[in-house]
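Q: build me a structure from this.
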Amino acid sequence: MTAFARMLEGTVARYRATVADGTDDLALLLERMAAGDALDDRRTVPGHVTTSAVIVDPAVSQTLFIHHRAAGRWFQPGGHWEPAPRFVDSARREAEEETGAAGLGLHPWHGTVEDPLPIDIDSHDIPARPARGEPAHVHFDMRFVFVLEPGAVLSAQDAEVSGLAWRPIADLARVCPRVHARLRSRW
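A: Predicted structure coming up:
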């Protein structure tokens, strides 16, 4: 078993025991883990791991969205897994790359543990992109919440992001409903 597979197995087991509820659907992820798929490789189908960052202001009244060029939609910063010591480190790196944000603090929902759990593990379908040779597949997204002051200097990563915008926290319910619900239980 690879180091990534061990890390994923431990994270998913802890998540299932302490965070997951009846709204989580981890069946496909668990099936692919049991099959031994290389879920750290973005070429793996039917799916692979991604990480994302839900960025909120300190009052949890706003969330920072990016407009993703390829998807043509507004949602939280994130991307394909790239090697990192922990999933939270990958999510933070993706957020910093796509938004230019510096000084992202982990939200208190995650506690003070050495290896924080995601607030959500979401499985969602990604349409085929024939121009890039990518078939339809699934992203198993490890989501973490970070705090940033709304006045922080931001700079959209031009290659992937066509805009950045602070939106009311209620908009998070449409994009990441479990994250929104789990955060609401703490504020």
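Q: quick check: longest helix of this structure.
A: The longest helix of the chain (DSSP state H) is helix 3-18.
Q: and that one, what other elements does it pack with?
A: In terms of contacts (3 or more CB pairs under 8 Å, 6 or more residues apart in numbering; DSSP states H and E), helix 3-18 is packed against helix 27-35. In short, each C-beta sits where N, CA and C put it, glycine included.
Q: contacts only, for L64.
A: 55-56, 76-77, 99, 101, 148, 154, 164-167 (CB atoms under 8 Å, 6 or more residues apart in numbering).
Q: dump those to TSV, plus secondary structure, pLDDT and neighbour count.
A: Converted to TSV, those look like this (DSSP: H, G, I helix; E, B strand; the rest coil; pLDDT from 0 to 100; neighbours: other CB atoms under 10 Å):
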residue	secondary structure	pLDDT	neighbour count
I55	strand	98	27
V56	strand	97	24
Q76	coil	95	26
P77	coil	96	29
T99	helix	95	24
A101	coil	94	22
L148	coil	95	23
L154	coil	91	18
L164	strand	93	20
A165	strand	94	13
W166	strand	96	18
R167	strand	96	14
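Q: output the below-cut-off pLDDT ranges for the chain.
A: 187 (pLDDT under 70).
Q: which residues of the chain fall in strands?
A: With DSSP state E applied, the chain shows strands at 47-56, 62-68, 73-75, 78-80, 105-106, 120-126, 137-147, 161-168, listed in chain order.
Q: need the contact list for the most far-flung residue of the chain relative to its centre.
A: Distance to the chain centre peaks in the chain at A131, reaching 24.9 Å (criterion: CA atoms, centre = their mean). By CB under 8 Å, 6+ apart, the contact set of A131 is empty.
Q: do you know how far it is from A70?
A: To A70, A131 is 10 Å away according to CB to CB, to the nearest Å.
Q: tell me the bridge partners for the residue nearest the centre of the chain.
A: Residue closest to the mean C-alpha point of the chain, counted by CA atoms, centre = their mean, is S52 at 2.2 Å. Beta-bridge pairing for S52 (DSSP bridges): G78, R143.
Q: that one touches R93, doesn't it?
A: No: using CB atoms under 8 Å, S52 is not in contact with R93, being 11.2 Å away.
Q: what residues are up against G103?
A: Applying CB under 8 Å, 6+ apart, the residues contacting G103 are 148, 152.
Q: whoops, E149 was the one
A: 57-58.
Q: ok, it to R93 distance?
A: For E149, the distance to R93 equals 20 Å [CB to CB].
Q: ok, back up a step: could you dump the strands of the chain to JSON lines with distance to A181?
A: Below are those laid out as JSON lines (distance: least, CB to CB, whole Å):
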{"stretch": "strand 47-56", "distance to A181": "12"}
{"stretch": "strand 62-68", "distance to A181": "14"}
{"stretch": "strand 73-75", "distance to A181": "17"}
{"stretch": "strand 78-80", "distance to A181": "19"}
{"stretch": "strand 105-106", "distance to A181": "19"}
{"stretch": "strand 120-126", "distance to A181": "9"}
{"stretch": "strand 137-147", "distance to A181": "12"}
{"stretch": "strand 161-168", "distance to A181": "16"}
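Q: I appreciate the help and will end here.
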